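Trainee: Fold the following for me, if possible:
(one chain, ligands or ions: 1)
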Amino acid sequence: MFARPLLRASRLYRGFATHVGSPSTAVPAVLHLKTGQSFAGRAFGAPRSIYGETVFSTSITSYTESMTDPSYRGQILVFTTPLIGNYGVPHNTTPLNAREVGVVLESSGIQCAGVVVADLAEKFSHYTAVESLSAWCARYNVPGITGVDTRAITRLLRDQGTTLGRLAVGDDTAAPPPAAHEYWDPSQENLVDQISTKAPYTLNPTGDVKIAVLDFGAKANILRALVRRGAAVTVLPWDYDFAQVRDGFDGLFLTNGPGDPQQCWVAANKLRATMDEWRKPIFGICMGHQIIGMAAGLDAYRMTFGNRGHNQPVLALASSGSIKAGRVYVTSQNHQYALKLQDPFPEGWEPFFINCNDSSVEGIKSTPDSRKRVWGVQFHPESAGGPLDTIEVRATLSIISEGGKS
Ligand SMILES: NC(=O)CC[C@H](N)C(=O)O
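Mentor: Just a heads-up that it's a prediction; the model follows:
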């Protein structure tokens, strides 16, 4: 009596599997890792070969948001979720949703260097979708590889750490793997300088709280989150001399961004001078948090494989606004570097959050007696994509807009 439904289910599965591309027509692709391993599969997206830093993300959804996140610049992104592409890609500038910052996703195009998926969905279905993942990648000249064992790749990256890689496509797959010195290392470049706005611009100029944003490679949803809280948001280049204009602002915000924070000491040194004299609220996310920590006297270090995913648990060590000490929040993250936990913390600073998995510093804040009002969080409270159960943590963003009003 159960035979029919089971049969139907297995037929469905077989039917579904045929959409991943037929080997006879597929363009070959190989992912080489600098550590000597190679994974052969089929190419999709742009038919070109690239170098990058190979990282994995455990996010189950939001491949569109991850791939447009400027923090993924220079990286070959391995999705641990096997089926990627099934809800396609939306139009990125749909007027209704894109009103505030001009885009629906996290930036105007694909930022990662390449993508690695186990099982590419060529058929997609979603009410906002206008194209397939493969067509979108081709349009932005970004290659992908599918039909590889992403679990094996992820286990390697977890054990040996984030590894430089080469995604070879088409005829390049016949060439031997690159020599060690041929791999491109994005951490040697100032990626922030490449992506940051070149000229200041203002969103929602009539907003009641004026927030200056240092743009290290801002995710659009951070800007949206500030605008939605009523702020006028002036976006400045990452190394802008904020001290010259600070009297016109109620708060300063430092964004996320790609690459090694050590490339951004110019900004950290300028921030230190600002923090010594300016008593208005300062808040940073991810790269912004790392810059605040460096300015405060903490060391930033490179983690083995970083944290990339939507289910990173962080424990609040201090209460602030809606955040309660002792509570665990589930957060969205994308980072390779972190601030070193040290005891004692620099004078005038305290840890704010700590990661429950690896004890890395997830947030810092100035102490009440420091007379500063500065916060930084390693995770993404604005969480796009990410779980909605961090809604209370999102209120961290209000600290800066509310703080500015007081
Ligand atoms: N999302 C981010 O801002 C990442 C910060 C930094 N590039 C890192 O990898 O740690």
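Trainee: for the ligand, what are the nearby residues on the stretch 301-406 of the chain?
Mentor: When proximity is defined as Cβ under 6 Å from any ligand atom, the stretch 301-406 of the chain approaches the ligand at 334, 335, 336, 337. C-beta here means a position set from N, CA and C on the backbone, and glycine is covered the same way.
Trainee: who wins for most neighbours among those?
Mentor: Neighbour counts for those peak at residue 334, which has 28 neighbours (criterion: other Cβ atoms under 10 Å).
Trainee: Per the annotation, how does the chain divide into domains?
Mentor: 16-188, 191-405 (automatic domain parsing).
Trainee: okay, the ones you listed in JSON lines with mean pLDDT next?
Mentor: Below are the domains of the chain laid out as JSON lines (pLDDT from 0 to 100):
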{"stretch": "domain 16-188", "mean pLDDT": "92"}
{"stretch": "domain 191-405", "mean pLDDT": "91"}
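Trainee: Mind picking the one among the residues of the stretch 301-406 of the chain next to the ligand that's closest to residue 265?
Mentor: residue 337 (13.4 Å; Cβ to Cβ).
Trainee: Now the closest one: which helix or strand?
Mentor: strand 328-339 (DSSP states H and E).
Trainee: helices and strands around that strand, which ones?
Mentor: strand 50-57, helix 287-296, strand 300-316, strand 361-366, helix 391-394 (3 or more Cβ pairs under 8 Å, 6 or more residues apart in numbering; DSSP states H and E).
Trainee: Can you convert these into JSON lines and add a column each for mean neighbour count?
Mentor: Below are these laid out as JSON lines (neighbours: other Cβ atoms under 10 Å):
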{"stretch": "strand 50-57", "mean neighbour count": "24"}
{"stretch": "helix 287-296", "mean neighbour count": "28"}
{"stretch": "strand 300-316", "mean neighbour count": "19"}
{"stretch": "strand 361-366", "mean neighbour count": "27"}
{"stretch": "helix 391-394", "mean neighbour count": "18"}
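Trainee: Centre of the chain to stretch 132-139, how far?
Mentor: Its chain's average C-alpha position is 20 Å from that of stretch 132-139, according to Cα atoms, centre = their mean, to the nearest Å.
Trainee: List the contacts of it.
Mentor: Around stretch 132-139, the neighbours that count as contacts under Cβ atoms under 8 Å, 6 or more residues apart in numbering are 44-47, 63, 84-85, 88-89, 110, 115, 120-124, 131, 143-144.
Trainee: Now that stretch: buried residues?
Mentor: 132, 133, 134, 136, 137, 138 (16 or more other Cβ atoms under 10 Å).
Trainee: Nearest to residue 72 among the residues you listed?
Mentor: Closest to residue 72, out of all of the buried residues of stretch 132-139 and judged by Cβ to Cβ, is residue 137, at 13.4 Å.
Trainee: Just say helix, strand or coil for that closest one.
Mentor: helix (DSSP: H, G, I helix; E, B strand; the rest coil).
Trainee: Begin at 638 from now on, thanks
Mentor: With 638 as the first residue, the last one maps to residue 774.
Trainee: Quick check: the gap between it and residue 751.
Mentor: Here the criterion is Cβ to Cβ, to the nearest Å. By it, residue 774 lies 9 Å from residue 751.
Trainee: got any residues that touch both of those two?
Mentor: In contact with both residue 774 and residue 751: 682, 780, 781, using Cβ under 8 Å, 6+ apart.
Trainee: I'd like those laid out as JSON lines, including secondary structure and neighbour count.
Mentor: Compiled in JSON lines, the shared contacts of residue 774 and residue 751 are given as follows (DSSP: H, G, I helix; E, B strand; the rest coil; neighbours: other Cβ atoms under 10 Å):
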{"residue": "682", "secondary structure": "strand", "neighbour count": "27"}
{"residue": "780", "secondary structure": "strand", "neighbour count": "24"}
{"residue": "781", "secondary structure": "strand", "neighbour count": "29"}
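Trainee: And the closest residue to residue 938 other than its chain neighbours, how close does it get to residue 931?
Mentor: Spatial nearest neighbour of residue 938, chain neighbours left out: residue 977 (5.4 Å); criterion: Cβ to Cβ, 6 or more residues apart in numbering. Shown here: residue 977 relative to residue 931, a distance of 11 Å by Cβ to Cβ.
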